[in-house]
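Asks: Here is a sequence together with a model predicted from it:
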Amino acid sequence: MPALADPWSGGGPGPWILFVPVLWALVVLGAVTLLRRTVWRHGGPGRPFRGPRSTARLDVPSPVAVLGRRFAAGEIDEEEYWRRMSVLEEHFGGAGPKGGPV
């Protein structure tokens, strides 16, 4: 019985018994890390990542961007641009033509 308690004398499994559980823990940890960096972070294959609570639509331009596009295309003149921009600044709280916070 004392030979089983002493792994260095060849009577027990020794420290190598920990090799397989540690190896499997590393494999599982690597798989979870890989999934977090690819599939889980980006919402899966074919789906854009929108964040955990994002409700913003990516395909709808902001009102400031629409106004800037219309001004650049010549649909509205400068006076109307600044008049509408002042309304947007009041409504959105400081969204200016330089990309301020909306």
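Replies: Arrived safely, thanks for sending.

Asks: residue ranges of the helices in the chain, please?
Replies: All helices of the chain, identified by DSSP state H, fall at 2-5, 19-37, 39-42, 63-73, 78-92.

Asks: for the record, mean pLDDT for the third one?
Replies: Mean pLDDT, helix 39-42: 66.

Asks: ok, back up a step: with distance to P13 and mean neighbour count as added columns, please give the helices of the chain in a markdown table.
Replies: No exception for glycine: its C-beta is placed from N, CA and C like everyone else's. Shown next, in a markdown table, are the helices of the chain (distance: least, C-beta to C-beta, whole Å; neighbours: other C-beta atoms under 10 Å):
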| stretch | distance to P13 | mean neighbour count |
| --- | --- | --- |
| helix 2-5 | 9 | 9 |
| helix 19-37 | 10 | 10 |
| helix 39-42 | 38 | 12 |
| helix 63-73 | 68 | 14 |
| helix 78-92 | 69 | 13 |
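
Asks: Can you flag the weakest of these by average pLDDT?
Replies: The minimum mean pLDDT among those belongs to helix 2-5 (a mean of 52).

Asks: M85 versus D77, what's the distance?
Replies: Distance of D77 to M85, computed by C-beta to C-beta, to the nearest Å: 13 Å.

Asks: was I right about V64 contacting L88?
Replies: Yes. Counting by C-beta atoms under 8 Å, V64 sits close enough to L88 to count as a contact (5.9 Å).

Asks: Domain ranges for this protein, per the record?
Replies: Using automatic domain parsing, the domain ranges for the chain come out as 14-47, 63-92.

Asks: so who does P21 touch?
Replies: Applying C-beta atoms under 8 Å, 6 or more residues apart in numbering, we find P21 in contact with no residue.

Asks: how much space between it and L35?
Replies: For P21, the distance to L35 equals 21 Å [C-beta to C-beta].

Asks: And for E80?
Replies: On the measure of C-beta to C-beta, E80 and L35 end up 52 Å apart.

Asks: before we move on, what about P63?
Replies: 39 Å.

Asks: Then E75?
Replies: Taking C-beta to C-beta as the measure, E75 falls 48 Å from L35.

Asks: and what of W24?
Replies: 17 Å.
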